[in-house]
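1. From the sequence below, what's the structure:
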Amino acid sequence: MKKNIILFFSSVLLAMLVVTTWASTYENIIVATQRLIEEPWMVATLFDAYFGFLTFFLWVTFKENSVFKKLLWFIAIMLLGNITMAVYALLEVRRLKGNFTVERFLTDKKTA
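-> Numbers count the residues shown, from 1 in each chain. Just a heads-up that it's a prediction; the model follows:
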């Protein structure tokens, strides 16, 4: 299962980096946002994405002990979305090293 989780989050990270880079070469995000924000489905998609980001952040707040680290992860998730989420998950897999289980991945809190 560890390999599957690494493969999944590595794929998410790679795909998001590729599509974000491609989109950035096509149009500036600020210009695109000003144009797309008038589209109801774009607004709905943004709400959907950010509620997903907030849901993931709840897991981060459970795992992290430091308020400062929680704040940094919150900012990173809100700015970079699934890129940050994939990085966080991959770091969690790495932190658990050879003693990996899905249960530990989901529930082990970080120690000081």
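2. Could you use CA atoms for every contact and neighbour count after this?
-> Noted.
3. And the helices in this protein?
-> Here the chain has its helices, by DSSP state H, at 2-26, 29-36, 40-63, 67-80, 82-96, 102-107.
4. So which of these is the most surrounded?
-> helix 82-96 (a mean of 18; mean count of other Cα atoms under 10 Å).
5. what's the offset of that one from the middle of its chain?
-> Relative to its chain's centre, helix 82-96 lies at 8 Å (Cα atoms, centre = their mean, to the nearest Å).
6. Show residues contacting it.
-> Contacts to helix 82-96, defined as Cα atoms under 8 Å, 6 or more residues apart in numbering, come from residues 2, 6, 9-10, 12-13, 16-17, 53, 56, 73, 76-77, 100, 104-105.
7. Where does pLDDT dip in the chain?
-> 112 (pLDDT under 70).
8. centroid residue for it?
-> Nearest to the mean C-alpha position of the chain, by Cα atoms, centre = their mean, lies Met85 at 1.8 Å.
9. Export only the CA atoms of stretch 10-17, formatted as PDB.
-> In PDB, the C-alpha atoms belonging to stretch 10-17 read as follows (Å, rounded to 0.1, in the frame of the first residue of the first chain):
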ATOM      1  CA  SER A  10       3.800  11.500  -7.000                       C
ATOM      2  CA  SER A  11       1.500  11.400 -10.000                       C
ATOM      3  CA  VAL A  12      -0.700  14.100  -8.600                       C
ATOM      4  CA  LEU A  13       2.400  16.300  -7.900                       C
ATOM      5  CA  LEU A  14       3.800  15.700 -11.400                       C
ATOM      6  CA  ALA A  15       0.500  16.200 -13.200                       C
ATOM      7  CA  MET A  16      -0.200  19.500 -11.300                       C
ATOM      8  CA  LEU A  17       3.300  20.800 -12.000                       C
END
